[in-house]
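Participant: Have a look at this prediction, sequence included:
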Amino acid sequence: MSDEWVRIAAPATTSNIGPGFDTFGLAMNEPSDILEGRKIDSGFKITEVSGPGSEGIPTDPKINSVTIAAEQVLKRCGCDFGIELKIKKGVRPCSGMGSSGASAAGGAFLANILCGGKLSLNEIILCAAHAEDVISGGLHADNVSPCILGGFTIIRSYEPFEVTRIEPPKDLGMVVALPDIMVATSDARKVLPREVSIKDLVFHIGNASTLVYGMMSGDLGVISRSVKDAVFEPARTKLVPFLKEAEKEAVSNGALVSFMGGSGPCIMSFYDANTDIGNNIAEKVKAVYTDNNIKCDTWVTRPGTGCKRI
Ligand code: HSE
């Protein structure tokens with residue numbers, strides 16, 4: 001069997017966003033992974049992997065997020081064909097920009113199209129979250145949810161799975177800086193404390209609730225005041241050299257707030273997209289790393305849509 005190629009784009013995402021560890025996520029307008037797939041008689045074949053970090057991406061379907069997620073979709077749909085895939089990464093793995101989430105969500109989204117669109121968006125998310133669990137050593141759907149649904153997403157519960165999507169403010173500008181440092185999510189999860197204090201719990205509930213209000217009301221001031229993390233970023237700061245210097249540089253150049261994206265190492269800064277300061281923030285954060293002989297890529301972007309056929 002050979003069939004037409006289907007091509008999709010799966011966006012980068014940022015997760016946690018201060019207080020919302022494993023619950024909040026936000027899709028970016030760019031960069032995106034591009035996946036192409038077509039039906040074959042049986043099994044999975046990855047015939048091409050390109051883009052940043054592609055040299056480290058396994059082509060063995062048993063350990064690749066795209067195919068692990070796609071296989072879940074085929075099982076749920078009761079489809080008995082296989083899939084040949086070509087993967088073009090838009091963002092490298094171990095970046096904190098939802099690279100494995102884009103692979104997993106993209107693989108599930110693409111497989112669902114090949115299966116005739118049988119699954120709901122929530123079911124696609126669960127197939128993708130399974131791949132995240134296998135690859136990153138922990139069930140978290142805070143990257144795959146915005147990658148499928150777009151916008152800002154909140155996971156209320158994993159069992160049963162319940163996710164809500166909110167349209168973020170149009171003027172929420174995002175600057176992402178990705179230094180040439182690798183942080184695997186599985187490693188970043190190992191440094192987290194097993195328990196949190198009631199004081200930190202109260203702090204997170206207050207900030208998380210208010211951040212949701214900020215996203216809904218479109219108040220950038222409320223958003224920036226609520227991106228606070230008393231537990232997770234502090235435990236992970238040691239994994240990302242110059243993190244605090246980079247965040248400080250972003251804020252002193254006009255960013256509303258700056259924080260570790262996902263499990264790092266990327267540095268995410270929010271700014272008012274009605275201004276034109278995004279490129280300058282990007283340059284200044286980048287300089288923190290290049291001045292220390294560490295290469296750093298940047299993107300000036302906005303919230304975006306979820307996976308789409310292109
Ligand atoms: N919420 C996850 C974590 C996201 O912080 O470990 C990883 O990208």
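Facilitator: It's in.
Participant: For the stretch 201-310 of the chain, which segments count as helices?
Facilitator: 220-226, 232-236, 243-252, 278-290 (DSSP state H, counting those that start in this stretch).
Participant: Indicate which one of the ones you listed is closest to Pro58.
Facilitator: helix 232-236 (25.3 Å; C-beta to C-beta). (Each C-beta comes from the backbone N, C-alpha and C, glycine too.)
Participant: which residues sit against the closest one?
Facilitator: The contact list for helix 232-236 (C-beta atoms under 8 Å, 6 or more residues apart in numbering) reads 16, 18, 21, 183, 188, 191-193, 259-260, 263-264.
Participant: Could you list the alpha-carbon positions for that helix in CSV?
Facilitator: Once non-C-alpha atoms are left out, helix 232-236 reads as follows in CSV (Å, rounded to 0.1, in the frame of the first residue of the first chain):
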residue,chain,number,x,y,z
PHE,A,232,10.5,24.4,40.3
GLU,A,233,12.7,27.1,38.6
PRO,A,234,14.7,27.6,41.9
ALA,A,235,15.5,23.9,42.0
ARG,A,236,16.5,23.9,38.3
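Participant: burial count for Asn279?
Facilitator: Asn279: 11 surrounding residues under other C-beta atoms under 10 Å.
Participant: and it, what is it in contact with?
Facilitator: Val300 are the contacts of Asn279 under C-beta under 8 Å, 6+ apart.
Participant: before we move on, the earlier item: now the buried members of the contacts of helix 232-236.
Facilitator: 16, 18, 21, 183, 188, 259-260, 263-264 (16 or more other C-beta atoms under 10 Å).
Participant: before we move on, the earlier item: JSON lines for the helices of the stretch 201-310 of the chain, including distance to the ligand and mean pLDDT?
Facilitator: Below are the helices of the stretch 201-310 of the chain laid out as JSON lines (distance: least, C-beta to the nearest ligand atom, whole Å; pLDDT from 0 to 100):
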{"stretch": "helix 220-226", "distance to the ligand": "17", "mean pLDDT": "98"}
{"stretch": "helix 232-236", "distance to the ligand": "6", "mean pLDDT": "98"}
{"stretch": "helix 243-252", "distance to the ligand": "14", "mean pLDDT": "98"}
{"stretch": "helix 278-290", "distance to the ligand": "20", "mean pLDDT": "98"}
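Participant: How about the residues of the stretch 101-250 of the chain by the ligand?
Facilitator: 140, 142-143, 185, 188-189 (C-beta under 6 Å from any ligand atom).
Participant: ok, and the most crowded of the residues you listed?
Facilitator: Tallying neighbours with other C-beta under 10 Å puts Asn143 at the head of those, with 34 neighbours.
Participant: which residues sit in contact with the closest residue to it other than its chain neighbours?
Facilitator: With C-beta to C-beta, 6 or more residues apart in numbering as the criterion, Asn143 has its nearest non-adjacent residue at 2.8 Å, and that residue is Gly101. With contacts defined as C-beta under 8 Å, 6+ apart, Gly101 is in contact with 13, 15, 128, 132, 143-144, 147.
Participant: Closest to the ligand out of the residues you listed?
Facilitator: Using C-beta to the nearest ligand atom, the shortest approach to the ligand within the contacts of Gly101 belongs to Ser15, at 4.3 Å.
Participant: how many other residues sit next to Val300?
Facilitator: Val300 has 21 neighbours, counted by other C-beta under 10 Å.
Participant: if I look at it, how far off is the ligand?
Facilitator: Distance check for Val300 against the ligand: by C-beta to the nearest ligand atom, to the nearest Å, it reads 21 Å.
Participant: Name the nearest residue to that residue, sequence neighbours excluded.
Facilitator: By the measure of C-beta to C-beta, 6+ apart, the closest residue to Val300 outside its immediate chain neighbours is Gly278, 3.9 Å from it.
Participant: Which positions in stretch 53-73 come out as buried?
Facilitator: Under the neighbour-count criterion of 16+ other C-beta under 10 Å, stretch 53-73 has 57, 59, 61, 64-73 buried.
Participant: Those residues in helices, which ones?
Facilitator: 65-73 (DSSP state H).
Participant: The closest residue to Gly137 other than its chain neighbours: which element?
Facilitator: Nearest non-adjacent residue to Gly137, counting by C-beta to C-beta, 6+ apart: Ser186, 4.0 Å away. According to DSSP states H and E, Ser186 maps onto helix 185-190.
Participant: Thanks a lot, catch you later.
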